[in-house]
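Participant: What follows is a predicted protein model with its sequence.
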Amino acid sequence: MSSIVAICNIGLINLGEDTISSLDDQTKRAKLCKQRYADIRDAVLRAHPWNCAIERVSIPAEAAGPTWGYSNKFQLPVDPFCLRVLDIENAADMPWKIEGKFIVTDIGSPIRIRYIKRVEDSTEYDALLVQAIGARIAADLAMPLTQSQDLMKSMWSLYVEKLREARGIDGQEGTPDQFENDTWIGARN
């Protein structure tokens with residue numbers, strides 16, 4: 001169970017920097033971590049359907065649909081905040097799009113979606129997700145803290161590797177999703 005400060009310290013240690021004891025420390029490192037942490041966390045959460053960040057909800061249609069193109073409009077969840085819609089139940093043949101803070105589609109109301117939510121409590125993160133966020137912090141803070149483009153590239157490579165490892169393990173939990181066979185897939189077989 002890692003705190004935000006502990007996750008930031010993973011990034012700082014990867015950079016060879018001194019650690020911080022609080023995001024409110026009066027150091028450049030702490031100020032940068034405080035400024036960048038939430039955006040970095042959301043970017044890493046959005047990058048993969050982490051098991052700890054998946055939510056399922058049913059959403060009713062808005063009273064006023066889109067003015068053209070689709071018949072229904074559904075507001076994206078705000079609590080917890082929706083970072084990325086993964087899928088809509090039973091929408092295999094029905095088009096849908098994200099437009100602003102809404103899903104537009106011809107699917108009838110209500111729709112059931114599976115989405116990546118913003119998880120602000122860092123104690124809910126998997127240990128490998130913690131490492132991936134820490135590596136992304138190192139990549140993002142490398143230039144402002146060290147002014148080394150080589151170190152920034154090295155930290156980005158570390159982030160990509162940590163993300164790959166975390167995705168691989170995270171994706172092994174549970175049964176694999178079943179894919180519907182369609183004519184295109186059938187033609188390939």
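Facilitator: Thanks, I have it.
Participant: Buried by neighbour count: which residues of stretch 75-84 qualify?
Facilitator: Across stretch 75-84, burial judged by 16 or more other Cβ atoms under 10 Å covers 76-77, 82-84. Heads up, the C-betas are built off the backbone N, CA and C, glycines and all.
Participant: Domain-wise, how is the chain divided?
Facilitator: For the chain, automatic domain parsing gives the domain ranges 4-49+126-170, 53-117.
Participant: can you list the buried residues of stretch 75-84 in JSON lines and add secondary structure, distance to Leu45 and pLDDT?
Facilitator: Output for the buried residues of stretch 75-84, formatted as JSON lines (DSSP: H, G, I helix; E, B strand; the rest coil; distance: Cβ to Cβ, whole Å; pLDDT from 0 to 100):
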{"residue": "Leu76", "secondary structure": "coil", "distance to Leu45": "15", "pLDDT": "96"}
{"residue": "Pro77", "secondary structure": "coil", "distance to Leu45": "14", "pLDDT": "95"}
{"residue": "Cys82", "secondary structure": "strand", "distance to Leu45": "11", "pLDDT": "96"}
{"residue": "Leu83", "secondary structure": "strand", "distance to Leu45": "6", "pLDDT": "96"}
{"residue": "Arg84", "secondary structure": "strand", "distance to Leu45": "8", "pLDDT": "95"}
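Participant: now, among the residues you listed, which is nearest to Pro49?
Facilitator: Top of the list for closeness to Pro49, among these and by Cβ to Cβ, is Arg84 at 7.9 Å.
Participant: OK, contacts around that closest one?
Facilitator: Counting by Cβ atoms under 8 Å, 6 or more residues apart in numbering, Arg84 makes contact with 46, 49, 115-116.
Participant: Which of these fall in strands?
Facilitator: Of the contacts of Arg84, the ones assigned to strands by DSSP state E are 115-116.
Participant: Just the buried residues of the contacts of Arg84.
Facilitator: Applying 16+ other Cβ under 10 Å to the contacts of Arg84 flags 49, 115-116 as buried.
Participant: Which residues does Phe74 form beta bridges with?
Facilitator: Residues in a beta bridge with Phe74, per DSSP bridges, are Ile103.
Participant: That one: neighbour count?
Facilitator: Using other Cβ atoms under 10 Å, Phe74 is surrounded by 24 other residues.
Participant: isn't it right up against Ile103?
Facilitator: Yes - counting by Cβ atoms under 8 Å, Phe74 does reach Ile103; the two are 4.5 Å apart.
Participant: Please enumerate the shared neighbours of the two.
Facilitator: Joint contacts of Phe74 and Ile103 (Cβ under 8 Å, 6+ apart) are 59, 111.
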